[in-house]
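S.K.: everything below, folded, please.
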Amino acid sequence: MRKIENFEAYNPVKLHFGKGVTDKLGDSVKNYGNKALLVYGKGSVKQHGYYDIVVEQLKKAGVDIVEYPGIKPNPVIEDVREAVKKGKENNVDVIVALGGGSVIDSSKIIAASLATGIEPWEIMMWQKHPDKSLPVICVLTLAATGTEMNAAAVVQNNETGQKNGYVNPVLFPKESFLDPSFTLTVPADYTAYGIVDLIAHALENYFGKGEPPVIDAITFEIIKNAVNSGEKLMKDLSNYNLRADIMLDATLALNGLTQYGKAGGDWGVHAVGHEISLLFDTPHGATLSIVYPAWLKLHKNKIPGRISKLTNALFETPDVDKGILKLEEFFTSIGSPVRLSDIGLENETGKIFEQLRKNKVSGMNHQLNDEDYKTLLELMR
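M.R.: Numbering: from 1, shown residues only. Model (predicted):
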């Protein structure tokens, strides 16, 4: 196997990072349109004043606003469809996504559907591929997914029992505004889940096909910084500098950088985690801290060198078992679960197994079969 695989790199997102960057938001949005569909979640952005900041900026720039509130933490296709309907009725020409990954992912599919007329779930099922999108401008309020600087979106369909990811270059946001101050009010549990999510993104790319030494080193540094800053942040949630560290880590973990020299990531852990969150509405990051240690244990005899290199870089031990335990201990220390029993699902392994089989869950580099499901679930119990 070649260490550095053939790859393509492309990222057109203009990123504004730092305190006060939203002062430029109104003028930026005005460059793309005159009527914005403002998409946000269930109310925390209003409670903490971020909504007022964004609305003031848009109004100052002369941008008309149509609102679609109420996006759920695990975003559903029904909201995407309703937002598309509202956008059509009001002839919006730009989308402003105010929130975390769920809001931004939903906004990407809303924008693509509005521009092309393609039914949103047909996009998520990879049945039809939009060739254009309305411009999406992001204002990030949760450091986790990296969606603010990539071309991916994840949405679930409760009716069909599926939670899918979709990737298309037209989904790249035009501009993203990342003010770490907007994450100071994120509670401890979702701060922890965001840290887990960004680490999981870096790991998914690390376990993809290809072993580029310089990208491995960058990936390790992103994870190590997330661990070190994450531990401190959980004890000091109002620390701007630590919030900035985690926000930048999350963006770098999934803006394409950790995939350079790779033939794609693996994404098997995410695929398993998605099924758990679909079944039980479990926070995304919480599923990842449960699945990843079990996945590493499942693969420790299949790819021992790759895992040993990871544990040695992160925790200064080439011993795989000790390294996996260190990762579990870190997840536990920040308050994220590492077993299904931690979230009361230890007796639901049969249901999860059937869900994994139904949707043929697997990784892109390391395949999973029925026996692997059984082993994983036992390790996760």
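S.K.: mind listing what's buried in the top helix by length along the chain?
M.R.: Taking DSSP state H as the criterion, the chain has its longest helix at helix 213-233. Residues 215-216, 218-220, 222-223, 225-227, 229-230, 233 are the ones in helix 213-233 that count as buried (16 or more other CB atoms under 10 Å). Yep, even glycine has a C-beta here, placed from its N, CA and C like the rest.
S.K.: my guess is Ala192 contacts Leu288, does it?
M.R.: No. Using CB atoms under 8 Å, Ala192 is not in contact with Leu288, being 11.0 Å away.
S.K.: who has more neighbours, the two?
M.R.: Under the neighbour definition other CB atoms under 10 Å, Ala192 and Leu288 were set side by side, and Leu288 has more, 30 against 24.
S.K.: so who does the more buried one touch?
M.R.: Val196, Asp197, Ala200, Val269, His270, Gly273 (CB atoms under 8 Å, 6 or more residues apart in numbering).
S.K.: likewise Ser308?
M.R.: Pro318, Asp319, Val320, Gly323 are the contacts of Ser308 under CB under 8 Å, 6+ apart.
S.K.: the first one should be in a helix, yeah?
M.R.: No. Pro318: not assigned to a helix; according to DSSP: H, G, I helix; E, B strand; the rest coil it is coil.
S.K.: before we move on, back to that, tell me the one among the contacts of Ser308 nearest to Tyr206.
M.R.: Gly323 (13.3 Å; CB to CB).
S.K.: quick one: neighbours of the closest one, just the number.
M.R.: Gly323 has 23 nearby residues by other CB under 10 Å.
S.K.: for burial, what's the neighbour tally of the residue lying closest to it once chain neighbours are set aside?
M.R.: Nearest residue to Gly323, sequence neighbours excluded (CB to CB, 6 or more residues apart in numbering): Thr311, at 2.3 Å. Around Thr311 there are 22 other residues, counting by other CB under 10 Å.
S.K.: kindly report the same for the one 4 residues further on.
M.R.: Counted with other CB under 10 Å, residues neighbouring Phe315 total 19.
S.K.: one more: Phe177?
M.R.: Neighbours of Phe177 (other CB under 10 Å): 26.
S.K.: which residue lies farthest from the center of the protein?
M.R.: For the chain, the residue at maximal distance from the C-alpha centroid (CA atoms, centre = their mean) is Gly62, at 32.1 Å.
S.K.: now do it against Lys262, distance only.
M.R.: 44 Å (CB to CB, to the nearest Å).
S.K.: and the chain, what are its domains?
M.R.: 21-178, 188-380 (automatic domain parsing).
S.K.: go through those and name the closest to Tyr10.
M.R.: Using CB to CB, the nearest of the domains of the chain to Tyr10 is domain 21-178, at 6.7 Å.
S.K.: and the end-to-end length of the closest one?
M.R.: Domain 21-178 has its terminal residues 7 Å apart, counting by CA to CA, to the nearest Å.
S.K.: determine how far that domain lies from the middle of the whole chain.
M.R.: With CA atoms, centre = their mean, to the nearest Å as the basis, domain 21-178 stands 14 Å off its chain's centre.
S.K.: now do it, average pLDDT.
M.R.: For domain 21-178, the mean pLDDT works out to 98.
S.K.: counting neighbours, what do you get for Lys360?
M.R.: Under the neighbour criterion other CB under 10 Å, Lys360 is assigned a count of 9.
S.K.: please determine how far it is located from Gly323.
M.R.: 30 Å.
S.K.: contacts for stretch 206-224 next, please.
M.R.: Contacts for stretch 206-224 (CB under 8 Å, 6+ apart): 1-5, 7, 198-199, 202-203, 205, 249, 252-253, 257-266, 303, 306, 309-310, 313-314, 363-366.
S.K.: sorry, back to before: so for Lys14, which of the domains of the chain sits nearest?
M.R.: Using CB to CB, these put domain 21-178 closest to Lys14, at 4.4 Å.
S.K.: so who does the residue nearest the centre of the chain touch?
M.R.: Nearest to the mean C-alpha position of the chain, by CA atoms, centre = their mean, lies Thr145 at 2.5 Å. Counting by CB under 8 Å, 6+ apart, Thr145 touches Gly100, Gly101, Ile104, Asp105, Asp197, Leu198, His201, Ala250, Leu254.
S.K.: cool, Glu275 as well?
M.R.: Lys163, Ile352, Gln355, Leu356, Asn359, Val361.
S.K.: am I right that the last one is in a helix?
M.R.: No. According to three-state DSSP, Val361 belongs to no helix; its state is coil.
S.K.: surely it is in contact with Val269?
M.R.: No. Here Val361 does not reach Val269: they are 10.2 Å apart, not a contact under CB under 8 Å.
S.K.: quick one, which of those two is more surrounded?
M.R.: Taking neighbours as other CB under 10 Å, Val361 and Val269 compare with Val269 leading, 25 against 20.
S.K.: so that one, which of the three states?
M.R.: Following three-state DSSP, we place Val269 in the helix state.
S.K.: distance check, it against Leu142.
M.R.: Taken as CB to CB, the span from Val269 to Leu142 is 20 Å.
S.K.: Thr349 now?
M.R.: Counting by CB to CB - Thr349 and Leu142 are separated by 30 Å.
S.K.: and those two? Which one has more around it.
M.R.: Leu142 (25 against 17).
S.K.: check whether the more buried one sits in a helix, strand or coil.
M.R.: coil.
S.K.: spit out the contact partners of it.
M.R.: Residues near Leu142 by CB under 8 Å, 6+ apart: Gly99, Gly100, Gly101, Thr183, Val186, Tyr190, Gly194.
S.K.: filter those residues down to the ones in helices?
M.R.: Per DSSP H, helices hold the following members of the contacts of Leu142: Gly101, Tyr190, Gly194.
S.K.: if we take those residues, which one ends up nearest to Asn150?
M.R.: Gly101 (10.4 Å).
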